[in-house]
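Engineer: Prediction below, plus the sequence it came from.
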Amino acid sequence: MDQDARVLCCASKYAQKYYLNPEFGNLPEQVKQELQILAVSFTEDVGGILMFAYDEEGNLGIMTEKDEGDLLYDEIGAELMISRMQREKKELFEQLEMYYKEFFLS
């Protein structure tokens, strides 16, 4: 991941934790809950770590990582789930990009 990326939120199957960057605490509760459900559901289904982060232009990316020895991580399932998320939540992700560009880049 680019070191200039700003993490919006992430979830880890390994730590059994969800993290929302406090810089985004002013997002509506419904949006925060939806992000948490997406991230936690992903890690419960395929394992690993899921991260939503903005690049320096304000584009929202979805990244996933796994521990080197994690034999249970489902790489194919991860790719399919991310593609489905991007398709089904396209409007949410576009709104989050507009929000970021308005409040953090202007």
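Structural biologist: Yep, it's here.

Engineer: Okay, buried residues for the longest helix belonging to the chain please.
Structural biologist: Ranked by residue count and defined by DSSP state H, the top helix of the chain is helix 29-46. For helix 29-46, a neighbour-count test (16 or more other CB atoms under 10 Å) marks 35, 38, 39, 40, 42, 43, 46 as buried. Using the backbone N, CA and C atoms, a C-beta is placed for each residue, glycine as well.

Engineer: hang on, isn't the first one packed against residue 7?
Structural biologist: No. Under the criterion of CB atoms under 8 Å, residue 35 lies out of contact with residue 7, with a separation of 11.6 Å.

Engineer: neighbours of residue 9, just the number please.
Structural biologist: 19 (other CB atoms under 10 Å).

Engineer: can you give me phi and psi for the closest residue to it other than its chain neighbours?
Structural biologist: Excluding the flanking residues, the one nearest residue 9 by CB to CB, 6 or more residues apart in numbering is residue 20, at 4.6 Å. For residue 20, the backbone dihedrals (degrees, to the nearest 10) come out as phi -110, psi 120.

Engineer: got the contact list for residue 20?
Structural biologist: 8, 9, 32, 35, 36 (CB atoms under 8 Å, 6 or more residues apart in numbering).

Engineer: before we move on, what about residue 105?
Structural biologist: residue 58.

Engineer: same question, residue 44
Structural biologist: residue 13.

Engineer: sorry, back to before: which neighbours do residue 35 and residue 7 share?
Structural biologist: Joint contacts of residue 35 and residue 7 (CB under 8 Å, 6+ apart) are residue 52.

Engineer: ok, back up a step: any chance of the contacts of residue 20 in JSON lines with pLDDT as columns?
Structural biologist: Shown next, in JSON lines, are the contacts of residue 20 (pLDDT from 0 to 100):
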{"residue": "8", "pLDDT": "98"}
{"residue": "9", "pLDDT": "98"}
{"residue": "32", "pLDDT": "98"}
{"residue": "35", "pLDDT": "98"}
{"residue": "36", "pLDDT": "98"}
